[in-house]
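Participant: no sequence on this one, just coordinates:
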C-alpha cells in the first residue's frame, strides 16, 4: 500500500508563478485517484503561515488549491516548519500505516518538499520522489527548472542508512 504525501499545495503559494503548476496539480490528482483505488492513503500537508503571510491560518491563501481533488477520506496534517515531520505526528501516522512506498509531491521543491523528503528517507521510509508532481518558483539565483533538476540529481545521490535510496519516478510509471 502506498501513501501519497501532498505538501503545501495551498492557494496562497500559487499567487506567484510556479513551474508547470497545472501539470503538477493534474499529476497529483491522478496519483491520488490511483492510490485511493489501490486502498492506499492520501495525506495533505498544509503549512501554517504567520499572520500577514500569504498562507496565514484561516485565510483564503491557507486553503488547499481549489483544483485539487480532495476526498473526504483523505488525511490532513498541519505543520509550521519546512519539515513535515518536525513537531507533527507524521512519523507516527506513517509507522501505523506502514506504507510500501511514500510518494512525495507538492510545493516548493527547494524548501518543504526537499526537507520532508530527506527526513522521510533518513527515517527509513521507502521514498519515491514523483518527478513531475512537485513545483517551485524562480529564485533570484536559479530558475525553477534548474532548482528542480538540481534536486532530482541530489535526491538520487543521497547517502542513506541500510542501503536505502530515493527513487525518482514520473506519474505515468506510478498510476
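Facilitator: Looks like it arrived, so ask away. All values reported here derive from a predicted model rather than from experimental measurement.
Participant: Skipping its backbone neighbours, what lies nearest residue 160 in space?
Facilitator: residue 121 (5.2 Å; C-beta to C-beta, 6 or more residues apart in numbering). (C-beta placed from N, C-alpha, C; glycine too.)
Participant: Please report the distance of that neighbour from residue 167.
Facilitator: 10 Å (C-beta to C-beta, to the nearest Å).
Participant: shared neighbours of those two, which are they?
Facilitator: Common contact partners of residue 121 and residue 167 (C-beta atoms under 8 Å, 6 or more residues apart in numbering): residue 127.
Participant: how deep is the residue nearest to residue 160 tucked in, by neighbour count?
Facilitator: 22 (other C-beta atoms under 10 Å).
Participant: Same check on residue 23?
Facilitator: The burial count for residue 23: 13, using other C-beta under 10 Å.
Participant: wouldn't it be in contact with residue 131 here?
Facilitator: No - Residue 23 is not in contact with residue 131 according to C-beta atoms under 8 Å; the separation is 11.5 Å.
Participant: Report the distance from the lengthiest strand in the chain to the chain centre.
Facilitator: The strand that spans the most residues within the chain, counting by DSSP state E, is strand 127-135. Distance of strand 127-135 from its chain centroid, counting by C-alpha atoms, centre = their mean, to the nearest Å, is 7 Å.
Participant: Repeat that for stretch 122-136.
Facilitator: Taking C-alpha atoms, centre = their mean, one finds the center of stretch 122-136 at 7 Å from the center of the full chain.
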